[in-house]
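Chemist: Structure for the following, please:
(chains A, B, C, D, E and F)
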There are 4 protein chains.
Amino acid sequence: MPKVTEEHRAARRAQIVAAARRCVIEQGFHKTTMAEVIRESGLSAGAVYGYFKSKEQIVEAIAEEALSTVDELFGKLLASEEPLSPLAALEAALNHVVSIAERPGGDVTRVAIQAWSEALRNPAIMTIAQGKYAQVRGRFEDVARRGQADGTVDPSVDPRHIAQALFGIVPGFLLQRLIMGDVAPGTYTAGLRALLRS
Amino acid sequence: MPKVTEEHRAARRAQIVAAARRCVIEQGFHKTTMAEVIRESGLSAGAVYGYFKSKEQIVEAIAEEALSTVDELFGKLLASEEPLSPLAALEAALNHVVSIAERPGGDVTRVAIQAWSEALRNPAIMTIAQGKYAQVRGRFEDVARRGQADGTVDPSVDPRHIAQALFGIVPGFLLQRLIMGDVAPGTYTAGLRALLRS
Amino acid sequence: MPKVTEEHRAARRAQIVAAARRCVIEQGFHKTTMAEVIRESGLSAGAVYGYFKSKEQIVEAIAEEALSTVDELFGKLLASEEPLSPLAALEAALNHVVSIAERPGGDVTRVAIQAWSEALRNPAIMTIAQGKYAQVRGRFEDVARRGQADGTVDPSVDPRHIAQALFGIVPGFLLQRLIMGDVAPGTYTAGLRALLRS
Amino acid sequence: MPKVTEEHRAARRAQIVAAARRCVIEQGFHKTTMAEVIRESGLSAGAVYGYFKSKEQIVEAIAEEALSTVDELFGKLLASEEPLSPLAALEAALNHVVSIAERPGGDVTRVAIQAWSEALRNPAIMTIAQGKYAQVRGRFEDVARRGQADGTVDPSVDPRHIAQALFGIVPGFLLQRLIMGDVAPGTYTAGLRALLRS
DNA sequence: AATGAATGAGACTTCATTCAT
DNA sequence: TATGAATGAAGTCTCATTCAT
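Modeler: Okay, the predicted model is just below:
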């Protein structure tokens, strides 16, 4: 008995989150009203509040969803057993950004930016962001360590710092993509590589 | 019409902007209420509205202020006539981020993040961001070109792409500084350099 | 969507309009505050704004209501098939003014005066007034034409001008009733008739 | 010494009233702000408040000015010693309405309408209106009496009622002129006369 | 369980008036 | 006496949330 109900609940939640995501992508967390989410979801106010206790919970769900898109990245990357150079991992990450941005359902990277600023005043989102980003950086650290083992990366540098640098390239790409609209993974990494050729 | 007025007006505006900045750093653009800005500024509601037509104008003023901190960077850098390598310019930029973050009056980098997400739905802020970032990237492009002339940077790569990559490293640093709290300019650029050794 | 809703909505609107009318009769459109209308209506602010988008819409509803009292006049008059002389129609109109002024719910003629002055700067109310008054004058024109056919009215005069004159006697009655407080339909028409006896 | 000052004061008051009248004609008493009156008058806030204690006093001055235009009417009429029939007096009154409406400085009849509705809630304006209108009706009463003496007016009717009727024709003309925009003194009185032919 | 009308605290803004200069 | 920046009470309206049906 609970199985059906359980799926039903999950489907309803997804429906609400999808509606809210569409609103947030266009208007941001704060300009999105519950009335809009309710209308967009096709449910009633009471129903929505049956699945989420408050607007804040919906916001957190959306923020988590957006920040969780990084989870998928290394799932794909580490599936192949080939050796993965740091710059290859980075390029994969940038391609991943473009790929999720172009998914149907709306550009989730716009939500990610919102989550960054929201994290500054919402501890729940801050915690989610820290967890997700610690995890991705951990993956990049693995990649860096492998590169150091291979001899392709300077072994004298703390791999955690290499991971910070690698991970830190992604937000700037994402941001320029949304604000300037003129970046692409291939040329971006090319520009980066040009710097390193000394 | 007295002479006082011009300076006085500027001082009052600064007073209001400073009050609003303090509020926005703590609570974000949307959770900051005019009542708080008014109280924090020490003025009356009417006085504040005498200097800014609406809350939105104050928000824009603060966003512009935060986005304009990039202006100071190359002013300093280009003052010295020494050749400036791209990575040196980048390191200067990261140091600049830390320096403005630690200024009295509050960490303006927290406002910059807000400005990013606000730009997505506020055309005025979008325009400011685009203008400022186009300008900084132009400076980084000059640096890249100089490097190419020096032979320290791969001349076959479009300097605009190099500028994108250079500029794009800064937001990730700023973000990690605020969210993870564990990055520093020196180790960050070290991590980056480590990627290049082959 | 329940059946209740439609009637319920109408009843609520009427409740709000009645509350607002009471306020406007005492204080005028502009001195009436939404807080008073809300309190007087017994509803909450949100409820009131659920039925009317703005104070201006409430004002327009009240103005329309007041200007629409003329609608009832000829409904009654023309029901009877007796020939209706212009002066009889006028006397009926004046009696109608007194009758609506004394209705429970407040003297709507006070609202009508407000509507006149409001029409000068509110195009919506101007349009309503023009429509209503054009209609009443049309009725008076019919009466004038009948009189001309009967031979009781000078046939050489444009019936539209006769209608203007007939209709134009009413505002002055209404105004004197409210400002001077010393007019009555019977003596008023007697005074008028005395002029015409030459 | 006081003479110059006295004239100066009067000139200043006139300047303020003229400015306020322009505003009120366009926007009505309540939508006219003191800031607008101040700007339009070319004086400073402090100066304006040196001549009028409050906005309400300015409103009253303008209302009085508008209601006082009736004073001029019988000044002219009674200057000529010719016998003045009631309908001739009326036609003179309607012409007077048109004449003051077309004066430079703005259509004061628009202010008169405002004064009517304002009188309903402002005792000061009510008193002014009652005084002025009692006076005009007194003049019309004189005319009626003369007519009765001449035998041109039915002597069995109370001349006060004749005066009410005569005076009461003017507001409807003024109103139709402003709202419908299609009346003229000549055709209006023609329409009125047509009613009398039996 | 679902509905959606109702709630009411609180947001932003205006504007008549004052008073230090 | 004149100025006009400053005041702050009060106005209109929104919107997250609840609860009777």
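Chemist: wait, what's in contact with the closest residue to residue A:183 other than its chain neighbours?
Modeler: Nearest residue to residue A:183, sequence neighbours excluded (Cβ to Cβ, 6 or more residues apart in numbering or on different chains): residue A:176, at 4.6 Å. C-beta coordinates here come from the backbone N, C-alpha and C atoms, glycine included. Residues counted as contacts of residue A:176 (Cβ atoms under 8 Å, 6 or more residues apart in numbering or on different chains) are A:182, A:183, B:133, B:164, B:167, B:168.
Chemist: which of the residues you listed count as buried?
Modeler: Listed as buried from those are A:183, B:133, B:164, B:167, B:168; burial here means 16 or more other Cβ atoms under 10 Å in any protein chain shown.
Chemist: just to revisit the earlier point, from the contacts of residue A:176, which is closest to DNA strand E?
Modeler: Nearest to DNA strand E among the contacts of residue A:176: residue B:133, at 27.6 Å, using Cβ to the nearest atom of the strand.
Chemist: Contacts (any at all) between chain A and the host helix or strand of the closest one?
Modeler: Per DSSP states H and E, residue B:133 falls inside helix B:123-150. Yes - applying Cβ under 8 Å from any Cβ of the partner chain, one finds helix B:123-150 in contact with chain A at B:126, B:129, B:130, B:133, B:134, B:137, B:144.
Chemist: what about the fourth one, distance to residue B:88?
Modeler: Separation of residue B:133 from residue B:88 (Cβ to Cβ, to the nearest Å) stands at 21 Å.
Chemist: The first one now?
Modeler: Computed with Cβ to Cβ, the distance linking residue B:126 and residue B:88 is 31 Å.
Chemist: Quick check on these two: which one has the bigger neighbour count.
Modeler: Taking other Cβ atoms under 10 Å in any protein chain shown, residue B:126 and residue B:88 do not tie; residue B:126 has more neighbours (18 against 15).
Chemist: re the thing from before, now the residue nearest to residue A:183: how far from residue B:119?
Modeler: Distance, residue A:176 to residue B:119, by Cβ to Cβ: 12 Å.
Chemist: quick one: the helices in chain A?
Modeler: Using DSSP state H, the helices found in chain A span residues A:2-31, A:34-41, A:45-51, A:55-67, A:69-79, A:86-101, A:108-119, A:123-150, A:159-179, A:185-196.
Chemist: Any residue of the third one touching chain C?
Modeler: No - remark: helix A:45-51 sits outside contact range of chain C, by Cβ under 8 Å from any Cβ, the gap being at least 12.9 Å.
Chemist: about what we covered before: for the residues of helix B:123-150 next to chain A, which single residue is the most surrounded?
Modeler: Within these, neighbour counts (other Cβ under 10 Å) peak at residue B:144, which reaches 29 neighbours.
Chemist: Name the helix or strand of chain A that has the lowest mean pLDDT.
Modeler: Every helix and strand in chain A was compared by mean pLDDT, DSSP states H and E; the lowest is helix A:69-79, with a mean of 80.
Chemist: what packs against that helix?
Modeler: Judged by 3 or more Cβ pairs under 8 Å, 6 or more residues apart in numbering or on different chains; DSSP states H and E, helix A:69-79 is in contact with helix A:86-101, helix A:123-150.
Chemist: to the chain's geometric centre, what's the distance from that helix?
Modeler: 11 Å (Cα atoms, centre = their mean, to the nearest Å).
Chemist: Also stretch A:85-92?
Modeler: Averaging C-alpha positions (Cα atoms, centre = their mean) puts stretch A:85-92 17 Å from its chain's average.
Chemist: do the same with stretch A:26-42
Modeler: That offset, for stretch A:26-42, works out to 21 Å (Cα atoms, centre = their mean).
Chemist: Tell me if that stretch is near DNA strand F.
Modeler: Yes - against DNA strand F, stretch A:26-42 shows contacts by Cβ under 7 Å from any atom of the strand at A:32, A:33, A:34, A:35, A:38.
Chemist: which pair in those residues spans the largest distance?
Modeler: Spanning the widest gap among those are A:32 and A:38, at 11.0 Å by Cβ to Cβ.
Chemist: Those two: which is more packed in?
Modeler: A side-by-side neighbour count of residue A:32 and residue A:38, using other Cβ under 10 Å, places residue A:32 first with 25 against 19.
Chemist: Now do the residue lying closest to the more buried one once chain neighbours are set aside against DNA strand F, distance only.
Modeler: Once flanking residues are discounted, residue A:32 sits nearest to residue A:23: 4.1 Å by Cβ to Cβ, 6+ apart. Remark: distance between residue A:23 and DNA strand F (Cβ to the nearest atom of the strand, to the nearest Å) = 10 Å.
Chemist: contacting residues for residue A:23?
Modeler: By Cβ under 8 Å, 6+ apart, residue A:23 lies in contact with A:32, A:36, A:37, A:40.
Chemist: Contacts only, for the third one.
Modeler: This means residue A:37. Taking Cβ under 8 Å, 6+ apart, one finds A:16, A:19, A:20, A:23, A:48, A:55, A:58 in contact with residue A:37.
Chemist: pLDDT score for the second one?
Modeler: To tie it back to what came earlier, the one meant is residue A:19. At residue A:19, the pLDDT value in this model is 97.
Chemist: Am I right that it is in contact with residue A:34?
Modeler: No - Residue A:19 lies out of contact with residue A:34 (Cβ atoms under 8 Å); the separation is 10.8 Å.
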